[in-house]
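Visitor: take this sequence and fold it.
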Amino acid sequence: MHPNPILYADYPDPDVIRVEDTWYMASTTMHIFPGCDILRSYNLCDWELVCHAVPRLEGTPAQRLAEGDIYGRGMWAPSLRYAGGRFHVLFSVNDTHTTHHYSAPVASGPWEETPVAGFYHDPSLLFDDDGRVYIAHGNRDIRLTEMAPDLSAPLEGGFDQVIVRDADADQVPLGYEGSHLQKIGGRYFLSLIHWPKGGHGRRTQALFSAERPEGPWQGGDVLDDDLGFHNMGVAQGGLVDTPDGRWYAMLFQDHGAVGRLPVLTPVRFKDGLPRMESVPETVEAPDTRPCHVYPPLGGGDDFSGPALRDFWQWNHQPDDSLWRLEPEAGRLILRTGRVVTDLERAPNTLTQRTFGPACAFEVTVDASGLNNGDYAGLCALQARFAQIAVCRQDGRLFLSLIGRDSETREQAWLPLEGRWARLRAEFDFRDMKDEVRFLWRTDGDWHPLGQPHQLVYDLRHFMGVRAGLFCYSTRKSGGEAAFSDFAREVGPGA
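Guide: I've put the predicted structure just below:
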């Protein structure tokens, strides 16, 4: 039996398919690069990373943090499908209002992009048995658009109309969206998220069905459950089956600062329609390869390899001229390329997900290459971020703690003897405590720096807090820092 949520980390908007004995999942990554994570499982509960399908988007100045940013936008809500002997992923990009289609012969890639004309909010892709191709998309009004077979554009003269509409749009904080369009047993099903004001006033799962794409589509809200967790409704996702004929829904649930977590719930069919009565605290699914060992979805790194490990992702598109690995020395070098005001503007912040219920990260920072006004260290990256850093001011090195709540404030300042420090960040997400505290040492015991920082899931970033390594300049670019011996712990109290 596996506890729900099945992953205690930020994997929002999951879309899951089965190909023979293997399940695959795609998830939203927004402003993180490389993006569009593709995961794999043999039991629907334990997952491993296969690849990032999308190394770059359009490379706009905002996507590179050069002019503006794409926090909370970027790549949203991928639709993952397998048809014609190829994997397909389709998603919208909410800063450029474009739609992207990638396909690959195997899930590990290489993934090839083909252009798509138009913008489709929360798109869901369906390759029908008769060769027709559809996208369900929209908010409040859900539209079904028939596409050309290559997905390049809407099919000329093809079907295109609203199939589901929120009749009481004023009575919902969030109208129908998050489409998941599927065909099961010759019938069409459309799963949606909904947030009515009545009842418990939380996110719910809706489901509509029809005998034909043209409709009529009938249905409504089918699941209203929070797993006993702070009225955070479990919703948004699709249906997936097992080789032995069982059915499940892969949904997700808000869990405060750690992010939005995948939740698996059994589904039973009655009279040809799926039923979701409640979400169990523990769930069991068939294991098609019970001896398989799953590598962790995050971890430590001694930076001794030829490339970064695949759980690392950059905040916005990186400038590859400003970072390098020194494998012989086991070091990652981050170099500054322009002057910025704070962490949120800093290019080339290297991140990975935090995991609940608690986790901790450590790294050694060699600050000998910093210029005056440079900060380098370990952060909790979110809209209300916090960071511990080694800083050079007036030719001397200091330890600095900066946090943002209603404003950005330097909360601690301590002279540092020597050129390096070991830094540690401890995250506590238990029961939405949502705190991070920072510690340091140069040898011997750990010393706390400042007070614990309150983390908040802020819609401006729309992402769970990430641990990150950073180096930025506030006066003159060109300085650099060396990072080594990165470590991670995950556990009840970390």
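Visitor: who touches the closest residue to Gln393 other than its chain neighbours in this structure?
Guide: Leaving aside its chain neighbours, Gln393 sits nearest to Asn372 (6.1 Å; criterion: C-beta to C-beta, 6 or more residues apart in numbering). In this view, the C-beta of every residue, glycine as well, is placed from N, C-alpha and C. Residues near Asn372 by C-beta atoms under 8 Å, 6 or more residues apart in numbering: Arg392, Gln393, Asp394, Gly395, Arg475, Lys476.
Visitor: just say helix, strand or coil for Asn372.
Guide: Under DSSP: H, G, I helix; E, B strand; the rest coil, Asn372 falls in the coil class.
Visitor: tell me how far it lies from Ser477.
Guide: In this view, Asn372 and Ser477 are 12 Å apart by C-beta to C-beta, to the nearest Å.
Visitor: Glu328 now?
Guide: Counting by C-beta to C-beta, the gap from Glu328 to Ser477 is 27 Å.
Visitor: more neighbours: which of the two?
Guide: Ser477 (17 against 7; other C-beta atoms under 10 Å).
Visitor: quick check, that one in a helix?
Guide: No: looking at Ser477 with three-state DSSP, it is coil, so not inside a helix.
Visitor: buried sites along the helix or strand bottoming out on mean pLDDT in the chain?
Guide: The helix or strand of the chain with the poorest confidence is strand 408-415; it has a mean of 88 (mean pLDDT, DSSP states H and E). For strand 408-415, a neighbour-count test (16 or more other C-beta atoms under 10 Å) marks Ala412 as buried.
Visitor: which elements pack onto it?
Guide: The contact analysis (3 or more C-beta pairs under 8 Å, 6 or more residues apart in numbering; DSSP states H and E) places strand 408-415 against strand 396-404.
Visitor: quick one, the strand it packs on and strand 408-415 angle?
Guide: 150 degrees (axes from the mean of the first three to the mean of the last three C-alpha atoms, to 10 degrees).
Visitor: quick one: strands adjacent to strand 396-404?
Guide: strand 386-393 (antiparallel), strand 408-415 (antiparallel) (DSSP bridges).
Visitor: show me what counts as buried in that strand.
Guide: Within strand 396-404, the residues scored as buried using 16+ other C-beta under 10 Å are Leu397, Phe398, Leu399, Ser400, Leu401, Ile402, Gly403, Arg404.
Visitor: okay, strands next: where are they in the stretch 351-494 of the chain?
Guide: Along the stretch 351-494 of the chain, the segments classed as strands by DSSP state E, counting those that start in this stretch run 358-366, 374-381, 386-393, 396-404, 408-415, 420-428, 435-441, 447-448, 453-454, 466-473, 480-491.
Visitor: which among those is found nearest to Glu113?
Guide: Closest approach to Glu113 among the strands of the stretch 351-494 of the chain (C-beta to C-beta): strand 466-473, 25.8 Å.
Visitor: quick one: mean pLDDT for that closest one?
Guide: The pLDDT scores in strand 466-473 average 98.
Visitor: cool, thanks, talk later.
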